[in-house]
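K.L.:
Make a model of this:
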Amino acid sequence: MTSQAQALSPLDGFRGLVFFAFPLHPAGKPSDARAAHLLEVAVPMLFLQGTNDALADLGLLEGVAARLGDLATLKLIEDADHAFHVPAKTGRKDADVLAGLLDDAAAWITAH
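P.N.:
Residues are numbered from 1 along each chain as shown. Predicted coordinates:
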């Protein structure tokens, strides 16, 4: 919702947007139509996305990021789903994945 508002009219004080698992499309219905408005956003955007997210086909999301150019940073979290849960077989705990996401977001925010 914030990205749609930002696309319509720049919001005061916004210097960037961070997306935790951008819902690019409904599960099983790949499309990048939900991202069309992002081309109208004129602030940097960070996409934190799991590689196993049923709501974001990675090929489509990578295409969106490419079209956004320097305004987009795409950070992939290996094996994570839409809630950033990772299977036990990875040897990683969800809490560690979430802590890493927060570190990534904080570093990006500091840089912008």
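K.L.:
Leu76 sits in which helix or strand?
P.N.:
Remark: Leu76 resides in strand 72-77, with elements defined by DSSP states H and E.
K.L.:
now that strand: mean pLDDT?
P.N.:
Strand 72-77 comes out with an average pLDDT of 97.
K.L.:
Check stretch 16-31 too.
P.N.:
94.
K.L.:
For it, C-alpha coordinates in CSV please.
P.N.:
Presented in CSV, the C-alpha positions along stretch 16-31 are these (Å, rounded to 0.1, in the frame of the first residue of the first chain):
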residue,chain,number,x,y,z
GLY,A,16,13.3,4.7,0.5
LEU,A,17,11.1,1.6,0.8
VAL,A,18,11.9,-1.8,2.2
PHE,A,19,9.8,-4.7,1.1
PHE,A,20,9.8,-7.8,3.3
ALA,A,21,8.5,-10.5,0.9
PHE,A,22,6.9,-8.4,-1.8
PRO,A,23,3.7,-10.3,-2.8
LEU,A,24,4.2,-10.1,-6.6
HIS,A,25,1.3,-12.4,-7.4
PRO,A,26,-1.2,-14.9,-5.9
ALA,A,27,0.2,-18.4,-5.3
GLY,A,28,0.2,-20.5,-8.5
LYS,A,29,-0.6,-17.5,-10.7
PRO,A,30,2.7,-15.9,-11.8
SER,A,31,2.4,-12.3,-13.0
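K.L.:
tell me how far it is from the chain's mean position?
P.N.:
The chain centre lies 7 Å from the centre of stretch 16-31; the measure is CA atoms, centre = their mean, to the nearest Å.
K.L.:
Can you show me the helices along the chain?
P.N.:
Counting by DSSP state H, one finds helices in the chain at the ranges 2-8, 58-68, 94-111.
K.L.:
Summarise which helices and strands the shortest one is packed against.
P.N.:
Helix 2-8 sits against strand 17-20, with contacts defined as 3 or more CB pairs under 8 Å, 6 or more residues apart in numbering; DSSP states H and E. Just so you know, the C-beta spots here come from the backbone N, C-alpha and C atoms, and that holds for glycine as well.
K.L.:
I'm done for today, thanks for sticking with me.
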